[in-house]
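> Fold the following for me, if possible:
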Amino acid sequence: MNHTYKSISEITPLNDYPRPHLQRQLWLNLNGIWSFTITYINETWPKDYERIIVVPFPVESYLSGINERVDSTMFLWYKRKFNILPLNFHFDNHQQSRILLHFDKVDYETVVYINQHIVGLRHLGGYDPFSFDITSYIKNNENNEIIVRVWDPSNHWYQARGKQRLDVDDPKSIFYTPCSGIWGTVWLEKVPYIHIDRLQFITKISSTKIHLKYRIDLHESPKKPNDPLEERDEQLNIPLRNYENEGYQLKITILKQNQEQLISFTTTKINQDDKIIFSLSEINLWSPQDPYLYNLKIDFYKKDSFIEHIDSYIGFRQISLCLKRKKICLNHRPYFMFGVLDQGYWPDGLYRPQTDDAYRHDIEQMKKLGFNTLRKHMKVETSRWYYWCDVLGMLVWQDMPAGDSYDGYEVEFEEDKQLRLHRDYGTNFFPLDEETNITQRNNIKRRYQSKIQFEYELKTMIDFLSFHPSIVVWVLFNEAWGQYDT
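Next comes the predicted model:
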């Protein structure tokens, strides 16, 4: 917390592997010093990048080196050079391997250029990780240029934003400083042309058995460069391909913490659900009191040809409602959750702590105080935070960050009735009952664009985080913020 800007700029900040539950060997961290500038949105390309910024800290934070407020009239521009030599990538083999550019978190609208070429589609959302296949745009054995343009309107738009608010000089009441731009690790990864993209595990416990439902999804890189003439929203819904009859297979090995093998098997079921059954007596269940994690190793083959290896982990646990009174139960036993509202703001980095150890220390301190649960309030963290909850044994209630269909949510209004009328009547254009704040159809309404974006980000959040055994509750809405069709 007391490092100076100079000292943090001399190293690669947050250099831990950014996706602990799906690890590969060849990757390159792009955190650190980037060239930076700010323009107004009606301007074209910046003439020069006269400033520097430390990635991955929000523009408004002290650790970024910028420490300035921006607003919805501005574009944030980031630029740096990179070389792919550390990834051992060869263009004569580009049909077998590809280079992915990952962004762990960027708030809010992101457009990426590699060597002056726009890459893929613009990305909308401040809390979900995303990536681009940049193989067709990079140069081998040369310095490549990456430019990232970000627009973050915060509460002047209908985006999911949580507690961020532009028009507050100093944080007050329940609103805090916005966190604009890149606030998650930026990194390159070498992958096979067809590669493992997603892991999911669901535990179901009976009186004597444990049923482990699992799914491993593959992703195929595009065969042609995706260089559209104009930016389009990333709202694609491409069905997954069935690889079962193409000779692909997965060897899955689960190891105990002492590296003793629990099970090893081969399957051809890819992009579809499958399950394994264990005896209850042979499994250590995960809980805050005993956060036992098994090591998971996945080897991917086509017939007898090796394609790639993935390292991961798995925790066996079931969350459910049980007994006649429908109590919350962990592993079929009633469990009292004693928790803290965790808003995830840091004094010097805002949305991002200075080190990965800060995540761990924060969670450890909560456990020492006797808490077993954290409600991650109005924010989605980076993967490293959930990893430490898995490792240390901390239950998580995960909020979907609020994003409302209106502009100008003013807590300063003295009367709740005034607030409700200002909020809903002025933007939703539905006749409202002044006492109940609902429409004549008895529904709270929301603008269509806001609804679509909210549901997209909600699905993305759950898809990405559902791997973690620590997450036990998904919180859809906080109080009345952003509710619709309820």
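
> residue contacts, residue 180?
Counting by C-beta atoms under 8 Å, 6 or more residues apart in numbering, residue 180 makes contact with 58-60, 70, 76, 107-108, 150, 152, 154. For glycine as for every other residue, the C-beta is placed from the backbone atoms N, C-alpha and C.

> how about the nearest residue to it, chain neighbours excluded?
Excluding the flanking residues, the one nearest residue 180 by C-beta to C-beta, 6 or more residues apart in numbering is residue 152, at 3.9 Å.

> what sits against that neighbour?
70, 72, 76, 107-109, 126, 178, 180-181.

> Can I get these in a markdown table including distance to residue 54, secondary structure and pLDDT?
Converted to a markdown table, those look like this (distance: C-beta to C-beta, whole Å; DSSP: H, G, I helix; E, B strand; the rest coil; pLDDT from 0 to 100):
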| residue | distance to residue 54 | secondary structure | pLDDT |
| --- | --- | --- | --- |
| 70 | 16 | coil | 94 |
| 72 | 24 | coil | 93 |
| 76 | 14 | strand | 98 |
| 107 | 16 | strand | 95 |
| 108 | 20 | coil | 95 |
| 109 | 22 | strand | 95 |
| 126 | 19 | coil | 95 |
| 178 | 18 | coil | 94 |
| 180 | 14 | coil | 98 |
| 181 | 11 | strand | 98 |
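
> in this structure, which spans are helices?
5-9, 356-368, 383-392, 416-420, 426-428, 448-465 (DSSP state H).

> Can you tell me which of those helices is most buried?
helix 383-392 (a mean of 22; mean count of other C-beta atoms under 10 Å).

> Just give me how far that helix sits from the chain centre.
Centre-to-centre, helix 383-392 and its host chain are 13 Å apart (C-alpha atoms, centre = their mean, to the nearest Å).

> go on, stretch 291-299?
On C-alpha atoms, centre = their mean, the centre of stretch 291-299 falls 21 Å from that of its chain.

> sorry, back to before: turn the helices of the chain into TSV, columns for mean pLDDT.
Output for these, formatted as TSV (pLDDT from 0 to 100):
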stretch	mean pLDDT
helix 5-9	48
helix 356-368	98
helix 383-392	99
helix 416-420	41
helix 426-428	41
helix 448-465	88
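
> what stretches of the stretch 151-300 of the chain score poorly on pLDDT?
168-172, 221-242, 244-245 (pLDDT under 70).

> what about 80?
158, 167-173, 220-245 (pLDDT under 80).

> how about the strands in it?
181-182, 186-192, 194-205, 209-220, 248-255, 261-267, 274-279, 294-302 (DSSP state E, counting those that start in this stretch).

> Single out the most deeply packed of the ones you listed.
Stretch with highest mean neighbour count among those: strand 181-182 (a mean of 30; mean count of other C-beta under 10 Å).

> Any idea which of the strands of the stretch 151-300 of the chain gets closest to residue 166?
strand 181-182 (13.9 Å; C-beta to C-beta).
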